[in-house]
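1. Output the structure for:
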Amino acid sequence: MILEPFSDDEKFTKKEREEISKNSQNVIEELGKISKDTDNSLTFEEFLEHVNINEEEYIKMIRSEFKKSEVMSTQAIKKFKTEKGKDMLSYEGYIYTLERKTDVKLIFRCQRRDCKGRCHTNPTMDTILSGPTEHCHAPTPDLVPVFELKSKIKARAAETEEFPSTILHSVMRSFPLDAAGQLPQGDTLLRTIRRQRPAPSTNNDNQLPDNLKQTDRG
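-> Modelled structure (predicted):
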């Protein structure tokens with residue numbers, strides 16, 4: 001088998017990608033069966049016959065995996081949480097929310113409800129296992145820093161007793177200026193902080209504790 005070099009603009013149609021994905025899954029399953037039988041040694045031709053695909057289909061599958069590996073090596077997965085603590089991620093400028101999970105993978109769908117784009121990751125959300133499938137809209141990379149900002153704010157609010165203004169000042173220092181147009185209003189961010197903290201309780205005299213009477217200025 002000779003795997004010819006391929007150009008950077010080589011692409012597969014949706015139908016080809018679906019067929020490649022189906023073949024890949026079949027090969028993985030059959031390899032698992034073969035590996036359990038140490039006495040079973042196959043030639044390459046016998047292997048292709050065993051998994052029921054021809055050499056051209058197998059080459060397409062390998063080339064697709066090469067292309068996928070190239071993309072995965074240059075595209076970082078960014079992880080954050082929704083307002084309710086649900087897992088989210090961004091990949092290639094698209095934002096996904098967790099739809100469901102199994103023992104071996106997490107299934108994410110595009111954050112936009114009118115889009116059917118999906119991707120699968122490993123349980124720790126470090127690796128893209130399948131997809132992403134096609135989206136009905138352009139990527140929105142400018143929104144990614146906003147979700148990262150909200151995630152940092154929520155974490156600081158839940159884990160510390162810092163004043164809201166201190167939290168905002170700290171996390172805003174790393175916010176990119178080119179995404180400033182997507183930044184929520186200050187009141188919205190303050191509400192995000194308040195939602196992460198329990199309502200203050202009063203003492204027997206219906207008074208707030210001294211530590212909650214202190215303002216940002218002391």
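2. Contacts for the longest strand along the chain next, please.
-> In the chain, with assignment by DSSP state E, the single longest strand is strand 94-101. Strand 94-101 is contacted by residues 82, 86-90, 106-111, 117-119, 123, 132, 135, 139-140, 143-144, 147 when judged by C-beta atoms under 8 Å, 6 or more residues apart in numbering. For glycine as for every other residue, the C-beta is placed from the backbone atoms N, C-alpha and C.
3. Same check on stretch 179-199?
-> Residues beyond stretch 179-199 that count as contacts (C-beta under 8 Å, 6+ apart) turn out to be 83, 142-146, 149-150, 153-154, 157-158, 164, 167-168, 175.
4. Going by neighbour count, list what's buried in stretch 128-144.
-> Ile128, Gly131, Pro132, Thr133, His135, Thr140, Leu143, Val144 (16 or more other C-beta atoms under 10 Å).
5. Looking at those, which is nearest Ile77?
-> Of all the buried residues of stretch 128-144, Ile77 sits closest to Ile128, with 6.9 Å by C-beta to C-beta.
6. so what's that closest one bridging to?
-> Thr121 (DSSP bridges).
7. wait, it sits on Ile107?
-> No - at 11.8 Å, Ile128 and Ile107 do not qualify as touching, with contact defined as C-beta atoms under 8 Å.
8. Need the overlap of contacts for these two.
-> With C-beta under 8 Å, 6+ apart as the test, Ile128 and Ile107 both reach His120.
9. Sweet, I'm off.
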